[in-house]
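Asker: Predicted model and sequence follow; I will ask about them next.
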Amino acid sequence: MASKTRSGGIAIAVALALIAPLAAGIVLVLAKSSESPLESASAVEPLVGSVERAERYQEASVAINVEYATALSPATGASGTLTQLKITPGADVKTGTVVGSVNNQRLVAYASKAPLFQDIYRGLKGADVKTAQLLLKDLGFYTGTVDGDAGPATEKSIKAFNKHYGWGKDNGTLSLASLVWLGQGPVTVDEVSVTLGSSVSPGTALFTTTAALAAIVVTETPNLPTDGDVTLTVVGVTVPYVVGSGLVTEPDAVAQIAATMGTATEGVGTIALVTPQVVGTVPSSAVVAEESGATCIFPDVTGAAIAVTPAGGTLGTVDLDESLVGRPVLINPRDVRQDLACG
């Protein structure tokens with residue numbers, strides 16, 4: 001009977017020993033569950049980085065169109081017999097090309113925005129003189145200033161032109177009879193309109209041109225870069241571009257873009273800076289904006305605000321002035337700072 005009592009006591013002691021830790025655990029769990037979720041969560045740590053350096057090309061998309069020139073019929077200003085004919089269908093004609101001769105005096109082709117409307121000689125002034133000076137400069141006869149004032153230097157270059165092309169050894173007049181206007185750019189001969197030995201007079205068409213490439217028309221947008229030289233890229237072809245011009249007219253550039261577009265006459269291009277703009281960049285979470293419009297960043301949890309002016313950015317980042325590159329910046333100020341005032 002005593003052994004049974006002793007066994008029962010041992011069982012009760014073992015049971016109490018097992019129950020005690022369990023009860024303590026329950027109390028601990030209850031105590032923990034009674035804490036505020038905010039108190040039990042781990043504290044947010046400040047994240048401090050630095051303002052990074054970045055390069056921005058300020059790329060912008062534009063619509064483009066391939067423009068073709070209207071076919072022309074370049075005419076002579078001379079009278080007489082066609083003693084030489086130097087053009088054939090398919091031939092390329094540009095400023096300085098000799099297309100033929102009338103009475104053994106050579107006819108020189110030229111391209112310009114507008115044709116000369118009068119003979120040019122010393123003492124004249126105006127846009128017509130400037131056109132003549134540009135022509136003579138392109139041909140290597142004039143080295144002076146293109147100012148629209150036909151002075152001694154212009155006269156000297158005219159005499160050199162006339163001597164070279166057979167219009168007199170000391171002739172100081174640039175005659176319309178010696179020139180054939182092509183329009184605004186080089187052309188390709190489609191059909192020849194005259195025959196050797198035929199009589200011509202001012203206004204006689206010498207040949208017709210094909211409807212050649214003239215320009216790439218650019219439809220500009222308000223967000224184009226204006227801080228330096230830019231380029232236009234179309235399907236992998238990159239050429240120089242002047243913002244505000246609305247056109248690419250350099251023949252090689254026009255031909256390259258047209259070739260890469262194939263049969264399409266409309267497309268999309270990208271305008272970008274040649275030399276990128278260097279900026280500082282930070283995650284957008286680092287920038288604080290007040291209702292007043294003031295914006296700032298912070299170097300750490302307690303440091304004073306640094307006023308900034310955002311200058312664009314990308315998804316998730318804000319661009320700042322280049323002078324801030326390398327400076328420390330608090331990436332999560334809203335999580336760890338009490339004072340978020342930019343003032």
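Answerer: Thanks, I have the structure now.

Asker: give the contact list for the closest residue to residue 199 other than its chain neighbours.
Answerer: Spatially, and ignoring its direct neighbours in sequence, residue 199 is nearest to residue 81 (5.9 Å; Cβ to Cβ, 6 or more residues apart in numbering). For every residue, glycine as well, the C-beta is placed using N, CA and C. Taking Cβ atoms under 8 Å, 6 or more residues apart in numbering, we find residue 81 in contact with 102, 103, 197, 198, 199, 200.

Asker: can you list the weak-confidence ranges in the stretch 51-200 of the chain?
Answerer: Across the stretch 51-200 of the chain, nothing is flagged by pLDDT under 70.

Asker: ok, now how distant is residue 342 from residue 304?
Answerer: Between residue 342 and residue 304 the computed distance is 10 Å (Cβ to Cβ, to the nearest Å).

Asker: Look at those two and report which has more neighbours.
Answerer: For residue 342 versus residue 304, neighbours defined as other Cβ atoms under 10 Å are more numerous around residue 342 (18 against 11).

Asker: thought that one was touching residue 298?
Answerer: No. Counting by Cβ atoms under 8 Å, no contact exists between residue 342 and residue 298, whose distance comes to 9.3 Å.

Asker: Could you tell me which residues touch both of those two?
Answerer: Taking Cβ under 8 Å, 6+ apart as the criterion, residue 342 and residue 298 both touch 288, 305.

Asker: thought residue 152 was touching residue 123?
Answerer: No. If you go by Cβ under 8 Å, residue 152 and residue 123 don't touch, sitting 10.5 Å apart.

Asker: wait, what's in contact with the residue positioned nearest the centre of the chain?
Answerer: For the chain, the residue sitting closest to the mean C-alpha position, by Cα atoms, centre = their mean, is residue 271 at 2.7 Å. Residue 271 makes contacts with 59-62, 218, 224-225, 230-233, 241, 243, as judged by Cβ under 8 Å, 6+ apart.

Asker: quick one: buried residues of stretch 100-107?
Answerer: 100, 101, 102, 105, 106, 107 (16 or more other Cβ atoms under 10 Å).

Asker: if I look at the residue nearest to residue 101 when sequence neighbours are not counted, how far off is residue 104?
Answerer: In this structure, residue 101 finds its nearest non-sequential neighbour in residue 84, 3.7 Å apart by Cβ to Cβ, 6+ apart. For residue 84, the distance to residue 104 equals 7 Å [Cβ to Cβ].

Asker: ditto for residue 151
Answerer: From residue 151 across to residue 104, the span is 31 Å (Cβ to Cβ).

Asker: do the same with residue 144
Answerer: Per Cβ to Cβ, residue 144 is found 30 Å from residue 104.

Asker: Please apply the same query to residue 61.
Answerer: To residue 104, residue 61 is 56 Å away according to Cβ to Cβ.

Asker: Ok, residue 311 next?
Answerer: Here the criterion is Cβ to Cβ. By it, residue 311 lies 67 Å from residue 104.

Asker: One more: residue 223?
Answerer: 59 Å.

Asker: how close does the nearest residue to residue 102 once chain neighbours are set aside get to residue 208?
Answerer: Spatially, and ignoring its direct neighbours in sequence, residue 102 is nearest to residue 78 (4.1 Å; Cβ to Cβ, 6+ apart). Distance of residue 78 to residue 208, given as Cβ to Cβ: 19 Å.
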